[in-house]
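Here you go, sequence then predicted model.
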Amino acid sequence: MSNPLEFPQLINFSQVEAWLGKSKEDGRYQLLEKEIEFLIKKIDSLRNEGVPVYSIKGRVKSEMSVFLKTRRKLKKKDNQYCDFNDYTDYVGIRVLVMFDEELLDVFKALLSDANKIIENGMLREITIFNMPHIVDLLLASEELKRFLPGVPKINCKDYVLKNKKELKIKGTNKGSGYRSIHLLFAYPVQKGVRKGIGNPYGEGDNVFLFELQLRTLLDDVWGEMEHKLAYKQGMANPQIAASFKHLQEDLRTMGKRLSDLNALSSRHGAVDSLSIENAGPYNFLGYESDWKIENILSGNNNPGVTELRDDLLQFNDLAKKYNNDELTNQAYITTSDQLITDVSEKLCDASLSDKDKEKIHYYIEMEKGYLSFLRQDLKVARDIYKEIKDSPKYRHRPVPHFRFAEVSFVLHRISKNHNEDDLKLALQSFDEALRLVNGIVNSPTSVDPEHYRVGASILNKMAAVYELIGFDEYLDYCIELTKLAMAMIERMPPELQPDRMLILNNMGWYCVEKFRTLPLRPANVSVNTKQDATDLLVHADWHTECFNYLKPVLDAIEREIQNGPDSNAGFQISGNVLDTCAWLFYQTWRKVQRFEEIHQDFWQKLSPDFRILYSEKAQVLEKAREYCHQLWLRGRNQGVFAATSTYRQRHHTELIMDPCYRHNFDD
């Protein structure tokens, strides 16, 4: 009889199923899933600290994956077959960033003691695949040193920790081109002692290992595709594996270009953030008419009240002077601080009704928030406005909600990675302010003009905010908000209306952008006569709307060019106004050219009023260039966010003025 065959003593599928216990509520699989959920929440919290985490995902290995792992990794170094304790990647978490340069920031944040992401956990291994440029940077980080007590200098050797465990740090080049940073942690189970979650480090039953992978979004896409197409088929078709290696080189170049674009965007963003932060509160809004200072204490001649009324009126006049650029920022803050102190002292002694005291308290608290906003003590200002807007006494007033939204939006834009919680607070409060304005101006009783003025200011600022959030996506909403603001201004007596030209310019700007973005059939696509005729009319209608809004502005520009700056009754032509009108003429010219490519005469569809003023097609482009000259001669920017509008003006001027530029119809 022949000797019996010795089958390898490998883990079988039934043992895998029993060990994972996926079908059991208290099995390892279910318990580890809960631990992953807990860890992902902790890592996700880093976003609120400005850490550039793009996305996080996690998994527990399936029964099939564990079983196949036992077939790929058969033996240990001592030539013994592996058991469950010899595998370290049952739990995996993947953290993605968008750019190479963000890897180090996230790496440091994950290991930082301050963030307590790996609280009570131990780092066991770091493996850096195909990133030689980042190895030294990671190993030199201060955050890593806390895992290496007693080690004066870090390099790629193995170091022994106080508890005699080794931290293995290595950089390696994987032939496939795979790029990632892998960190292996021993982590205490959060819900108490678990039974036998094995690991090769002998930590005990209440500790499990998890592997955290850190990589860029591009590398993750490559890794997923490579795993699907080459990792399992590479031996059968080595050309696939070779092609993926070349593709990784291409992606590395693409990643470098994206990083360059990110750096350029960051520089522009830094200027925008400075502009937004320095913009301060939008206009001195005043308050609802029944809470005007001159109305609060009228008819009360009790001792002390007259002085109090004089101080409050001085406060009111001071704010209006500041809003009209008659006072410097610091002069306004210094004088207002003293007035707040004086008013607060006199308020305690004055013989006033509770209702009047309540109104003055509201006014003073709002001014404290306003001054904090001007000082750029933004969190202080927001706390003040929050207390006011949440008060049952004042929450029906739109201005506190609006100011709270303003400050929250600034905090959102100047924070690293643009904290979304701040944006959510801003949008909620803008929306509430809009709802309250709607209720006031549409009330069945007569509406004081002051309400219209406050409402129009709120709507105008909201449109500017949505423009910054995403102009093309929210363009229609910006148009609706500005139309409503214009309607409010029209209901005010002419002598009380704010600068009507500016809001006409805003409306004209949004309409020109709508006109610019209207779709049109490419010249190389087959002719559709009916659709072309429809497109022609839609474009012509929007052009007419642009022109009708901007006609008073164009007339004012021409008067000032001909007769000087005193010819427009106080309205000064700013760079923003000139840019809007130059952009209208440029977009008109390019649409005429574009329709000629598909054999449509757009010029004849323009409004007769426009063609009377500008009788030749070439004159339109020349007029755009003339206004560009005027724009940079004057240089006065009245944009809500000045840096953003200045950058836009420069871009427009480059397109319009460059005689060698081939005017792309996607501009």
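Nice, thanks for sending it over. Numbers count the residues shown, from 1 in each chain.

Just give me the residue right at the centre of the chain.
In the chain, the residue lying closest to the centroid (C-alpha atoms, centre = their mean) is His418, at 4.6 Å.

and it, what does it touch?
By C-beta atoms under 8 Å, 6 or more residues apart in numbering, the contact set of His418 is His412. For the C-beta atoms, the positions are set from N, CA and C on the backbone; glycine is no exception.

Check Ile117 too.
Here Ile117 is in contact with Leu39, Lys42, Ile43, Leu46, Ala109, Leu110, Leu111 (C-beta under 8 Å, 6+ apart).

cool, Lys174 as well?
Taking C-beta under 8 Å, 6+ apart as the definition, contacts of Lys174 comprise Phe129, Asn130.

element containing it, please.
Using DSSP states H and E, Lys174 maps to neither a helix nor a strand.

and it, how far is that from Ala624?
56 Å (C-beta to C-beta, to the nearest Å).

that older thread, where does the residue nearest to the centre of the chain sit: helix, strand or coil?
coil (DSSP: H, G, I helix; E, B strand; the rest coil).

Phe13 reaches Thr70, doesn't it?
No: contact criterion C-beta atoms under 8 Å: Phe13 and Thr70 do not qualify, at 9.4 Å.

higher neighbour count, these two?
Thr70 (20 against 12; other C-beta atoms under 10 Å).

Skipping its backbone neighbours, what lies nearest the more buried one in space?
Ile11 (4.7 Å; C-beta to C-beta, 6 or more residues apart in numbering).

Kindly report the same for Leu184.
Leu184 sits nearest to Glu125 (C-beta to C-beta, 6+ apart), 4.0 Å away.

ditto for Ser344
For Ser344, the closest residue by C-beta to C-beta, 6+ apart turns out to be Ile364, at 6.5 Å.

again with Lys168
The spatial neighbour of Lys168 that comes closest, neighbours along the chain excluded (C-beta to C-beta, 6+ apart), is Glu125 at 4.5 Å.

before we move on, the earlier item: just the contacts of Ile117 now: which is nearest Leu327?
Here the nearest of the contacts of Ile117 to Leu327, counting by C-beta to C-beta, is Leu46; it sits at 43.2 Å.

pretty sure that closest one contacts Phe107?
No: with contact defined as C-beta under 8 Å, Leu46 does not reach Phe107; the gap is 11.5 Å.

more crowded one of these two?
In this view Leu46 and Phe107 are compared by other C-beta under 10 Å, and Phe107 has more residues nearby, 24 against 21.

tell me the SS of the more buried one?
Classified using three-state DSSP, Phe107 is helix.

pLDDT score for it?
For Phe107, the model assigns a pLDDT of 91.

Repeat that for Val135.
Value for Val135, per-residue pLDDT: 79.

what does Glu6 give?
On pLDDT, Glu6 comes in at 65.

what do you get for Glu143?
Looking at Glu143, its pLDDT is 78.

contacting residues around it?
Glu143 makes contact with Phe107, Lys108, Ala109, Leu111, Ser112, Asp113 under the criterion C-beta under 8 Å, 6+ apart.

pLDDT on stretch 23-32, on average?
Mean pLDDT, computed over stretch 23-32, is 81.

whoops, stretch 264-278 was the one
Rounded mean pLDDT across stretch 264-278 is 70.

Please enumerate the helices of the stretch 451-600 of the chain.
Counting by DSSP state H, counting those that start in this stretch, one finds helices in the stretch 451-600 of the chain at the ranges 500-517, 529-563, 575-597.

typed the wrong thing, it's the stretch 1-150 of the chain
For the stretch 1-150 of the chain, the helices defined by DSSP H, counting those that start in this stretch occupy 13-20, 28-44, 63-72, 103-111, 132-139, 142-145.

Now distance to Asp422 too, for the ones you listed, in CSV please.
Formatted as CSV, those follow (distance: least, C-beta to C-beta, whole Å):
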stretch, distance to Asp422
helix 13-20, 43
helix 28-44, 17
helix 63-72, 41
helix 103-111, 19
helix 132-139, 31
helix 142-145, 26
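
so which of those helices gets nearest Leu468?
Among the helices of the stretch 1-150 of the chain, helix 103-111 comes nearest to Leu468, with 24.8 Å by C-beta to C-beta.

Which strands and helices lie in contact with the closest one?
Applying 3 or more C-beta pairs under 8 Å, 6 or more residues apart in numbering; DSSP states H and E, we find helix 103-111 packed against strand 91-97, helix 132-139, helix 142-145, strand 180-188, strand 207-216.

got the contact list for it?
43, 46, 49, 51-53, 95, 97, 115, 117-118, 123, 131, 134, 137-138, 141-144, 146-147, 181, 183, 212, 214-216.

and those, which are buried?
Neighbour counting by 16 or more other C-beta atoms under 10 Å classes 43, 46, 51-53, 95, 97, 115, 117-118, 123, 131, 134, 138, 143-144, 147, 181, 183, 212, 214-216 among these as buried.

Confidence-wise, which helix or strand of the protein is lowest on average?
Sorting the helices and strands of the chain by mean pLDDT, DSSP states H and E puts strand 159-160 at the bottom, at a mean of 34.

okay, the next helix or strand after that one in PDB with CA atoms only?
Using DSSP H and E, the helix or strand that directly follows strand 159-160 along the chain is strand 166-172. This file holds the C-alpha atoms of strand 166-172, laid out as PDB (Å, rounded to 0.1, in the frame of the first residue of the first chain):
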ATOM      1  CA  GLU A 166       8.500  47.200  16.600                       C
ATOM      2  CA  LEU A 167       7.300  50.100  14.400                       C
ATOM      3  CA  LYS A 168       8.300  49.100  10.800                       C
ATOM      4  CA  ILE A 169       8.800  52.000   8.500                       C
ATOM      5  CA  LYS A 170       9.700  51.400   4.900                       C
ATOM      6  CA  GLY A 171       9.500  52.900   1.500                       C
ATOM      7  CA  THR A 172       9.100  50.400  -1.400                       C
END
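
angle of strand 166-172 against strand 180-188?
Angle of strand 166-172 versus strand 180-188, following axes from the mean of the first three to the mean of the last three C-alpha atoms, to 10 degrees, is 170 degrees.

Partner strands of strand 166-172, with direction?
The strands beside strand 166-172 in its sheet (DSSP bridges) come out as strand 122-129 (parallel), strand 159-160 (antiparallel).

ranking those strands by burial, who's on top?
For these, the largest average neighbour count (mean count of other C-beta atoms under 10 Å) is found in strand 122-129, namely a mean of 20.

just how off-centre is that one within its chain?
33 Å (C-alpha atoms, centre = their mean, to the nearest Å).

Stretch 537-552 too?
Computed by C-alpha atoms, centre = their mean, the chain-centroid distance of stretch 537-552 equals 32 Å.

in that stretch, what's buried?
By 16+ other C-beta under 10 Å, the buried positions in stretch 537-552 come out as His539, Ala540, Trp542, His543, Thr544, Glu545, Cys546, Phe547, Asn548, Tyr549, Leu550, Lys551.

Let me see the mean pLDDT of that stretch.
Average pLDDT, stretch 537-552: 93.

List of residues touching that stretch?
By C-beta under 8 Å, 6+ apart, stretch 537-552 touches 500-501, 504-505, 507-508, 511-512, 514-515, 518, 520, 580-581, 584, 588, 591, 595, 602, 605-607, 609-610.

When you filter those down to buried only, what's left?
Buried among these (16+ other C-beta under 10 Å): 500-501, 504-505, 507-508, 511-512, 514-515, 520, 580-581, 584, 588, 591, 595, 602, 605-607, 610.

out of the buried residues of stretch 537-552, who's nearest Ala487?
Nearest to Ala487 among those, counting by C-beta to C-beta, is Tyr549 at 13.2 Å.

Not counting sequence-adjacent ones, nearest residue to that closest one?
Once flanking residues are discounted, Tyr549 sits nearest to Gly508: 4.2 Å by C-beta to C-beta, 6+ apart.

who's in contact with that neighbour?
Under the criterion of C-beta under 8 Å, 6+ apart, the neighbours of Gly508 are Cys546, Tyr549, Leu550, Val553, Thr580, Cys581, Leu584.

try it again with 6 Å
Neighbouring residues of Gly508 by C-beta atoms under 6 Å, 6 or more residues apart in numbering: Cys546, Tyr549, Leu550, Thr580.
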